[in-house]
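Asker: This is a predicted model, with the sequence first.
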Amino acid sequence: MLAVYKKELRSYFTSMIGWVFIAIFLVLAGLYFMVSNLLNGLTNFSYVYQGIEFYFVVLLVPVLTMRIVAEENRQKTDQLLYTSPVSIGKIMIGKYLALLTLFGAAMLVVCTYPLILSGLVKKAATGVESVDFAIAYGSTLGFFLLGAAYIAIGMFISSLTESQVIAAVASGLIMIFTYLMTSIAQMLPQNHVFTFWFLAVLIVLLCIGLYFWIHNIWLSVILGVVAEGVLITLYFLFTAKFDALLGNVLGAISIIERYNNFLLGIFDVSALVYYLSVSFLFVFLTIQRIKKKRYN
């Protein structure tokens, strides 16, 4: 795993991808730091992350992760993974850690901005608020966890295709949906009838996706029938509970919503566990995807 990690990390810094990612990230962070904190005199550093989070999630992460597995699929070098003495799990974890290290390197530079801001505030006239380091570094930790989760999602999407372009576009669309998930939930009807039919259709779509994943129609149909039966039973037993259920569920699983407490300087343990779980889940799914191709 260490050898894979070093190889991947070296490849980012011997090509343009790593440097371009860091450069764009730092330019965006620097612009918002200059506008929010230096020009407007605001001492709340979390405004920087609020400003760049959309560009980071929708543009930078898809571009960063689009080649991590898709390029190997295209060049057929993924065949080497199947015969490698190192397990597929260790290879994928090494690739993921290399991406996190690249992201962490950019974050380390941004970590110096609150210190710079604090030094400038001390030299300013009296009456200027001091920099709240709990908010500054709490939001920094939250942003890193947010990035770790999205990078894991992007890596999984990259494993589903041979085209870097398709991987980038698919990642961008999915991440736009996750970014706007709460807003979308608020626009949807909240009555129990709509919620029931939405979940019923969602189960069908998930079963279709499961069939294409495992190529076992009987298992997909059985799971679909059981899930629909459970849904119908719950609907008739707890009809009132289905009101506003969809909005509550989408809000609960929203990746962006979990980040809000960090912006306030609150160390949210549940959010920490959530981000680590999402990262683990999608790295695990990536590993299983590669193993499935080997067995096929």
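Answerer: That came through fine.
Asker: all contacts plus neighbour counts: C-alpha atoms, from now on.
Answerer: Will do.
Asker: Contacts for the helix or strand that L102 is a member of next, please.
Answerer: Using DSSP states H and E, the element containing L102 is helix 88-110. With contacts defined as Cα atoms under 8 Å, 6 or more residues apart in numbering, helix 88-110 is touched by 1-2, 4-6, 8-9, 12, 18, 22, 25-26, 29, 65, 68, 81-82, 140, 144, 147-148, 151-152, 155, 283-284, 286-287, 290-291.
Asker: What distance do you get for L272 to Y55?
Answerer: Distance of L272 to Y55, given as Cα to Cα, to the nearest Å: 22 Å.
Asker: In the chain, what helix or strand scores lowest on average pLDDT?
Answerer: When the helices and strands of the chain are compared on mean pLDDT, DSSP states H and E, helix 79-83 comes out lowest with a mean of 62.
Asker: residues in contact with G147?
Answerer: 57, 61, 103.
Asker: now the strands: where do they sit in the stretch 51-200 of the chain?
Answerer: Along the stretch 51-200 of the chain, no stretch is classed among the strands by DSSP state E, counting those that start in this stretch.
Asker: Low-confidence bits of it, can you list those?
Answerer: Scanning the stretch 51-200 of the chain for pLDDT under 70 picks out 71-84, 122-129.
Asker: L60 versus the closest residue to K6 other than its chain neighbours, what's the distance?
Answerer: Of all residues not flanking K6 in the chain, A98 sits nearest, at 7.4 Å (Cα to Cα, 6 or more residues apart in numbering). According to Cα to Cα, A98 stands 16 Å off from L60.
Asker: if we can go back for a sec, would you mark the buried spots in the helix holding L102?
Answerer: When burial is assessed from 16 or more other Cα atoms under 10 Å, helix 88-110 yields the following buried residues: 88-100, 102-104, 106-107, 110.
Asker: try stretch 227-243
Answerer: Going by neighbour count (16+ other Cα under 10 Å), the buried part of stretch 227-243 is 227-228, 231, 235, 242-243.
Asker: Just the contacts of helix 88-110: which are in helices?
Answerer: Under the assignment DSSP state H, the contacts of helix 88-110 contribute 2, 4-6, 8-9, 12, 18, 22, 25-26, 29, 65, 81-82, 140, 144, 147-148, 151-152, 155, 283-284, 286-287, 290-291 to helices.
Asker: for the host helix or strand of Y274, the distance to its chain's centre please.
Answerer: Assigning secondary structure by DSSP H and E places Y274 in helix 269-295. Helix 269-295 sits 11 Å away from the centroid of its parent chain (Cα atoms, centre = their mean, to the nearest Å).
Asker: Hmm, N37 is touching G51, no?
Answerer: No. In this structure, N37 is not within contact of G51 by Cα atoms under 8 Å, at 11.9 Å.
Asker: neighbours around V269, how many?
Answerer: 9 (other Cα atoms under 10 Å).
Asker: Let me fix that, I meant to ask about V48.
Answerer: 24.
Asker: List the contacts of it.
Answerer: 29, 32-33, 36.
Asker: which among those gets closest to I222?
Answerer: Closest approach between these and I222, by Cα to Cα: A29, at 49.8 Å.
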